[in-house]
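[1] show me how the following folds:
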Amino acid sequence: MGVFALCSFLQTTLPPALPAQVSRAAKTSKGPRALGLLELGPNGNARLIPIAILIDGKYYDASAYKAAPVPMALWSDTVYEGIRTGVSLGLFTVTAPQQRKDESGETVWWADGRWQTADSIKAMAARKRPAPSTPRGINDDEGPPVLRRAGAEKPKPPEAPPAPTTQPAPASAPAPTPTATPSATPAASASSSPATPPQSQDDQAPADKDRPTLKRGQAGAISAEEAQKKVSTSASVKAGTPAASPTSPPTTSASSGAQPANQDQLIPAISDPHPSDSLPYNYKMTPQEEEQFRKKMLAMAADEIRTRAAQLAPGSAAAKPVQASSPRSKATAAKPVQPTFEDVQLQVFDLADINEPELVLTAKARMTQSSHGKDSANPGLQYMITLVARDDVNGELHKSLANVTDTQHLDVIPRLDLIDAVDVDGDGRAELLFREVSDTSSAFVVYRVIGNQLYPLFQGSLGE
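    The predicted model follows:
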């Protein structure tokens with residue numbers, strides 16, 4: 001058999017080859033999906049700051065989207081799920097949107113609401129769970145079984161004795177006739193009071209049927225106009241009391257896993273009509289691995305701090321060229337000036353659940369004296385650094401982001417405070433949520449980590 005004939009035989013007898021299987025990525029939500037930040041006070045009060053909202057694959061400022069007059073993200077009875085590093089902590093239901101004017105005259109929105117922890121929700125569901133029902137008649141004692149022929153009538157149960165009848169009252173004592181029966185009084189009052197008009201459809205749902213809606217709570221949500229009236233009323237009542245700024249920077253570091261009990265807790269919150277399953281985004285590691293990560297990140301942060309100090313003071317010892325012929329200069333070059341770190345916070349995430357750690361370090365630092373006794377550039381200056389790096393399979397760190405600023409240049413370079421890792425678009429992969437803080441205002445920014453780079457998905461605007 002020739003080669004051509006053999007090929008023809010194989011093509012006609014063998015089944016067609018199956019196409020190669022291609023792994024499909026998780027479907028990204030097109031929205032509506034809202035992102036907010038919950039602030040839980042030590043007294044149990046909770047409020048929500050809107051951040052971003054995803055509509056048709058695009059991100060918008062949640063405090064301004066559909067603000068006619070109340071933003072869509074703060075409609076009454078909208079439900080948010082508080083999620084910390086991929087773990088659900090509870091549900092927040094919006095009850096009262098609030099607003100105020102900041103120093104620049106812009107409107108700042110937030111919402112008060114009802115917070116329910118995950119444990120309380122589980123306990124409530126357990127109490128409402130019905131007890132196992134017993135089949136009807138299984139405990140009834142009907143005596144021994146009785147065989148009956150076909151067509152025979154079922155024996156009737158014994159009739160109960162008739163109830164004793166009361167004797168009529170004597171004719172000499174007729175009962176007094178009341179002026180009005182009790183049953184007639186409610187009817188008369190109900191007929192005299194005006195009928196309550198039924199609620200219109202506009203009070204139950206937005207007028208535009210094609211308008212997107214977030215995850216809602218109980219039925220009967222108030223309309224945007226009624227919410228605006230409540231906002232105006234509450235604002236006039238509290239005019240003499242200065243409201244706390246929802247955009248003010250937190251008093252505690254948001255990157256720490258456990259926050260002090262006397263400080264507000266910051267928890268990212270998601271509202272989505274079609275919620276997706278979330279996974280914990282913490283990277284599992286041993287204490288020895290965590291210590292190694294910490295040393296590497298601090299060494300990388302020290303280089304960034306020294307570079308920033310040299311930029312601020314070009315004539316300082318940190319920026320002077322080293323003479324190669326001087327043995328003392330060689331010793332100085334071998335041991336560069338080490339900054340003193342404080343308030344160091346290290347978070348290690350596994351954002352894509354593929355066992356590849358992404359490290360985020362936030363710290364404050366000061367430059368110490370040089371080895372020959374001279375002060376470095378402005379020793380009283382405090383530096384603030386946020387460093388993001390990725391660890392590869394060989395144990396080498398690759399810098400993705402280095403944000404270094406100081407207390408005198410926050411107007412030029414705002415600092416970045418890590419809040420948490422949160423799945424913003426619902427694709428199962430988490431992004432990094434930061435608060436960008438300048439000397440006068442703050443905003444939120446969401447970064448996606450791809451390889452060794454960070455890409456901004458959402459960037460809030462800092463107030464002027």
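
[2] burial check on G428, number of neighbours?
    17 (other CB atoms under 10 Å). To be clear about C-beta, it is placed using only N, CA and C from the backbone, and glycine gets the same treatment.

[3] got it, and I55?
    I55 has 16 nearby residues by other CB under 10 Å.

[4] ok, for it, nearest residue in space, not its chain neighbours?
    With sequence-adjacent residues excluded and distances taken as CB to CB, 6 or more residues apart in numbering, I55 is closest to G31, at 4.4 Å.

[5] OK, contacts around that neighbour?
    Listed by CB atoms under 8 Å, 6 or more residues apart in numbering, the contact set of G31 reads I53, L54, I55, D56, G57, P212.

[6] out of the residues you listed, who's nearest A421?
    L54 (17.1 Å; CB to CB).

[7] against M384, how distant is the closest one?
    The gap separating L54 from M384 is 30 Å, by CB to CB, to the nearest Å.

[8] with R84 instead?
    R84 sits 24 Å away from M384, going by CB to CB.

[9] ditto for P280
    Taken as CB to CB, the span from P280 to M384 is 29 Å.

[10] tell me the domain ranges of this protein?
    The record's domain parsing of the chain by automatic domain parsing lists 33-125+210-271, 287-409.

[11] so which of these gets nearest G426?
    G426 sits nearest to domain 33-125+210-271 of all these, at 5.8 Å, using CB to CB.

[12] show me where pLDDT drops low in the stretch 51-200 of the chain?
    131-143, 145-200 (pLDDT under 70).

[13] how about a cut-off of 90?
    67-68, 101-107, 121-200 (pLDDT under 90).

[14] show me where it has its strands.
    58-61, 79-84, 87-101, 107-117 (DSSP state E, counting those that start in this stretch).

[15] and for the stretch 251-400 of the chain?
    Going by DSSP E, counting those that start in this stretch, the stretch 251-400 of the chain shows strands at 265-271, 339-349, 358-367, 383-391, 397-406.

[16] now the longest one and strand 383-391, what's the angle there?
    Taking axes from the mean of the first three to the mean of the last three CA atoms, to 10 degrees, one finds strand 339-349 and strand 383-391 inclined to each other by 40 degrees.

[17] now the third one
    In this structure, strand 358-367 runs at an angle of 150 degrees to strand 383-391, with the same axes, to 10 degrees as the basis.

[18] show me what strand 358-367 is packed up against.
    With contacts taken as 3 or more CB pairs under 8 Å, 6 or more residues apart in numbering; DSSP states H and E, strand 358-367 sits against helix 287-312, strand 339-349, strand 383-391, strand 415-422.

[19] how about the ones you listed in TSV, adding distance to L433, mean neighbour count and mean pLDDT?
    Formatted as TSV, the helices and strands packed on strand 358-367 follow (distance: least, CB to CB, whole Å; neighbours: other CB atoms under 10 Å; pLDDT from 0 to 100):
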stretch	distance to L433	mean neighbour count	mean pLDDT
helix 287-312	20	16	94
strand 339-349	12	17	95
strand 383-391	13	23	96
strand 415-422	4	23	97
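
[20] tell me which of these sits nearest to S276.
    Closest among those, using CB to CB: strand 415-422, at 12.4 Å.

[21] right, and L91 touches Y80 too?
    Yes - between L91 and Y80 there is a contact at 7.1 Å, judged by CB atoms under 8 Å.

[22] these two: who's more crowded?
    Neighbour totals were compared for L91 and Y80, and Y80 leads with 30 against 21 (other CB under 10 Å).

[23] residues near the nearest residue to the more buried one once chain neighbours are set aside, how many?
    Once flanking residues are discounted, Y80 sits nearest to A269: 3.8 Å by CB to CB, 6+ apart. A269 has 25 neighbours, counted by other CB under 10 Å.

[24] any idea what A269 is bridged to?
    Using DSSP bridges, the bridge partners assigned to A269 are G36, G82.

[25] gap between it and A46?
    Taking CB to CB, one finds A269 at 10 Å from A46.

[26] for stretch 419-435, buried residues please.
    Counting neighbours by 16 or more other CB atoms under 10 Å, one finds that the buried residues in stretch 419-435 are 419-426, 428-435.

[27] out of those, which two sit at the greatest distance?
    Across the buried residues of stretch 419-435 (CB to CB), the longest gap, 24.4 Å, separates G428 and R435.

[28] circling back: may I see the strands of the stretch 51-200 of the chain arranged in CSV, with distance to A126 as well?
    Shown next, in CSV, are the strands of the stretch 51-200 of the chain (distance: least, CB to CB, whole Å):
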stretch, distance to A126
strand 58-61, 39
strand 79-84, 20
strand 87-101, 16
strand 107-117, 14
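
[29] nearest to A310, out of those strands?
    Once those are compared by CB to CB, strand 58-61 is nearest, at 37.3 Å.

[30] may I have the strands that pair with the closest one, each with its orientation?
    strand 46-55 (antiparallel).

[31] what ranges does this protein have for its helices?
    Assigned by DSSP state H, the helices in the chain fall at 3-13, 118-128, 184-192, 224-237, 287-312, 327-334.

[32] show me what the fifth one is packed up against.
    The helices and strands touching helix 287-312, judged by 3+ CB pairs under 8 Å, 6+ apart, are strand 339-349, strand 358-367, strand 383-391, strand 397-406.

[33] which strand residues bridge V449?
    L454.

[34] ok, it - how many residues close by?
    Neighbour number of V449 under other CB under 10 Å is 23.

[35] who's in contact with Y65?
    I53, I55, P71, M72, A73 are the contacts of Y65 under CB under 8 Å, 6+ apart.

[36] so the second one bridges to which residues?
    So that's I55. K58.

[37] before we move on, what about R114?
    Beta-bridge partners recorded for R114 (DSSP bridges): T93.

[38] I figured it hits F92, correct?
    Yes - between R114 and F92 there is a contact at 7.1 Å, judged by CB under 8 Å.

[39] out of the two, which sits in the more crowded spot?
    Just comparing R114 and F92: by other CB under 10 Å the higher neighbour count belongs to F92, 26 against 13.

[40] how near is the more buried one to M384?
    31 Å.

[41] with P97 instead?
    33 Å.

[42] and the buried residues of stretch 419-435, which is closest to E304?
    F434 (16.9 Å).

[43] which residues touch that closest one?
    T386, L416, D417, L418, I419, F444, V445, V446, Y447.

[44] let's have those residues in a markdown table, adding distance to M300.
    What follows is the contacts of F434, written out as a markdown table (distance: CB to CB, whole Å):
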| residue | distance to M300 |
| --- | --- |
| T386 | 12 |
| L416 | 16 |
| D417 | 19 |
| L418 | 16 |
| I419 | 22 |
| F444 | 26 |
| V445 | 22 |
| V446 | 24 |
| Y447 | 18 |
